[in-house]
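Q: please work out how this folds:
(2 chains)
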Amino acid sequence: MVNKRKKAVQYILMALITILVVFPFVWMLVLSFKSNSEILSSPLSLPKTFNFDNYRHAMETLNFPRLYGNTIFVCVISLAAELVITFFSSFVLARMEFKNEKFRKLLYGFLIMGLSISPFILLFPVYKINVFFGLRGKLALIFPYIATSISFNTLLLVGYLKSLPTEIDEAAVIDGCNIWDLMIRVILPMTKPVIATVVIFNVLYIWNEFPFASVMLREASDYTLSMGASFFKGTYTVDYGGIVASSVMIIIPELIFYGIFQKNIVEGMTAGAVKG
Amino acid sequence: MPGESPVPGSIIFKKKLRKRHKKDGLIFMHWLSKKKYKIGLMVPTLLVYSIFIILPVIIAVRYSFTKYSGIGQAKFTGLKNYARLFQDKIFWISFKNTMVMFVLAFVLLLTLSFAIALLLNNRLKAVDFSKALIFSPAIIAPIIVGIIWVYILDPNIGIINNVLDAIGAGGLKAKWIGGDKLSPYSIAIIYFWQQLGYLVTIFIAGLKMIPGDVLEAVKIDGASTVQEIRYVIIPMMRTTISTVAVLIITGVFKIFEIVQQTTGGGPNHLSETLVTYSYSMTFSSSDYGYGMSLATVTFLLSLLITAVYSTVTKEREG
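A: Take a look at the predicted model:
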């Protein structure tokens, strides 16, 4: 009896917490079908009809294909570059021989240190550095995104690469592998699971990133998704319906992506915390 | 048999080989660990990291000792910016707001995410579905999180005030955002919503690492649930708890988009946080030197709180 009652309480609590967390999303969806004047005059009412005006207006105001295109462009280039360079450097730190062990630890500590550096202290100096190198628009985002990923990637990749047995290297060397064959044809395929984690973590970071984007992007044609979301507010301060609709259009693909890769995403996002 | 050499491929052979590795290190890797390979493979990462992470910190600290409006040369002014900071009312307002958010988020998130993790660690139907939904706010852009909550907290069109009106509790209506008092509390709640599922997941991962037989033994010994949590689970979860605590500390000092979207730091800078104030000084007022001194202080403060937290918890562990 007592156990049954306990279970019932647990179910009720679970349902309650879940509903409370999900409610803001649902509310957003409801609002997106209400006209602007409905939102202003009777905020609590449900939409009378499914009114897609807000979505039409959002599409007219924001160039969604372009926003998605820019975001994907920055995402793909940053990810490709960061994966190549951090895989190589982590391989060195995890598997190569150092005459001086302290030097290896020093290098590793140096690269991990970035985890405690807040991006907000970097914004203005990085802007100046980009200007110095002549990097503008979308291109100005790529190096900061690569750089901010290095500490996390190093933490996960070095940890994983260290766990692979050294016999692999020996067998590969005996079979006549050189350093490239060993890294790319032998070790890289074995690193897939952790690379998946790294990719997911960084895709989400870049997809959602706002502070760097708001400093580096001046032209609307360069805007990424998060900038698009804020841009809408800036120009149409009173168009609540349009803001909601454009936010829904940005969230839905993210939630679908989350629905499909839920396990990997949760793992990717918590991996750093659980292992570090 | 003693003296007999082990057959290659046998378990004893492999064990011996492994022992030798431990002694000699990576003997085979030695051939491939040429200096030019190591340098070549390390340099790209080190270069990008140094230019876009380390150098900017140095530049920021250097600017913090100057007056610079973006035109011409930065003028060295010594500690003037830091002296100004101590007399700057808005700095103290942002400091206070950040601390309010920090304390509230810290207490709420640490206790409730732990409690919810304990709840969701039970064998319940649909628990995975519930976990997935609770996690979902963590994956969407913080800028959208801010937008969503405008429609809940806004004094006029937000759902809270309108519901209060509808149920005849209009007296409880308040300026949850945009007023002069409640914004930091509201922002802490929004942050709580965003982070809850993420931290619950980390706690559940920690709970799963407690060996099952330990918990079984506790049950057999007749401990109550409260005793079990107090004397077994919490002590065994020390590392996870500190991880979560550090995540909250560093996280609170990165709350930015939520403030920008809900209040923009206003009215009259009353809801500014350290991060948004330094951002607005740097990029809206073009007072780069002062903005960088604010950024430096914010950065040092978050490091300091993390350090204090780690030493205090370490001491308690003895």
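
Q: what's around the closest residue to A:P24 other than its chain neighbours, how many residues?
A: Spatial nearest neighbour of A:P24, excluding adjacent residues (C-beta to C-beta, 6 or more residues apart in numbering or on different chains): B:I148 at 4.9 Å. All C-beta spots, glycine's among them, are computed from the backbone N, C-alpha and C. B:I148 has 25 neighbouring residues, counting by other C-beta atoms under 10 Å in any protein chain shown.

Q: assign a three-state SS to the closest residue to B:G179 other than its chain neighbours, would you?
A: Distance criterion C-beta to C-beta, 6+ apart; nearest residue to B:G179, sequence neighbours excluded, is B:P155 at 7.3 Å. Classification of B:P155 using DSSP: H, G, I helix; E, B strand; the rest coil returns coil.

Q: repeat that for B:R123.
A: Classification of B:R123 by three-state DSSP places it in coil.

Q: pLDDT score assigned to it?
A: As predicted, B:R123 sits at a pLDDT of 86.

Q: need phi/psi at it.
A: Dihedral angles of B:R123 (phi, psi; degrees, to the nearest 10) stand at phi -80, psi 100.

Q: that one: neighbour count?
A: 7.

Q: B:G206 too?
A: So B:G206, with other C-beta under 10 Å, has 23 neighbours.

Q: before we move on, what SS does the closest residue to B:V145 other than its chain neighbours have?
A: Spatially, and ignoring its direct neighbours in sequence, B:V145 is nearest to B:Q194 (5.2 Å; C-beta to C-beta, 6+ apart). Under three-state DSSP, B:Q194 falls in the helix class.

Q: quick check: B:Q194 touching B:I143?
A: No. Between B:Q194 and B:I143 there is no contact under C-beta atoms under 8 Å: 11.5 Å.

Q: neighbour count: the two, which is higher?
A: Using other C-beta under 10 Å as the criterion, B:Q194 and B:I143 rank with B:I143 on top: 27 against 23.

Q: list the contacts for the closest residue in space to A:G114 that isn't next to it in sequence?
A: Distances taken as C-beta to C-beta, 6+ apart place A:S151 nearest to A:G114, at 3.5 Å, with adjacent residues excluded. Residues near A:S151 by C-beta atoms under 8 Å, 6 or more residues apart in numbering or on different chains: A:L111, A:I112, A:M113, A:G114, A:L115, B:I53.

Q: recalculate using a threshold of 6 Å.
A: A:I112, A:G114, A:L115 (C-beta atoms under 6 Å, 6 or more residues apart in numbering or on different chains).

Q: could I get the full set of helices for the stretch 201-318 of chain B?
A: B:212-220, B:225-227, B:234-236, B:238-252, B:257-262, B:274-279, B:288-317 (DSSP state H, counting those that start in this stretch).

Q: helix or strand: which one has the residue nearest to A:P24?
A: helix B:142-153 (DSSP states H and E).

Q: excluding its backbone neighbours, what's nearest A:N130?
A: Per C-beta to C-beta, 6+ apart, closest to A:N130 is A:A140, 4.4 Å.

Q: tell me the pLDDT at A:L31?
A: A:L31 is given a pLDDT of 89.

Q: after the helix holding B:I148 comes which helix or strand?
A: Counting by DSSP H and E, the next helix or strand C-terminal to helix B:142-153 is helix B:159-166.

Q: the residue nearest the centre of chain A and chain B: what is the separation?
A: Residue closest to the mean C-alpha point of chain A, counted by C-alpha atoms, centre = their mean, is A:L204 at 1.6 Å. Relative to chain B, A:L204 is positioned 6 Å away (criterion: C-beta to the nearest C-beta, to the nearest Å).

Q: can you report phi and psi for that residue?
A: phi -60, psi -40.

Q: run a quick neighbour tally on the residue nearest to it when sequence neighbours are not counted.
A: In space, and not counting its chain neighbours, A:L204 is closest to B:I139: 6.0 Å by C-beta to C-beta, 6+ apart. If you count neighbours by other C-beta under 10 Å, B:I139 ends up with 22.
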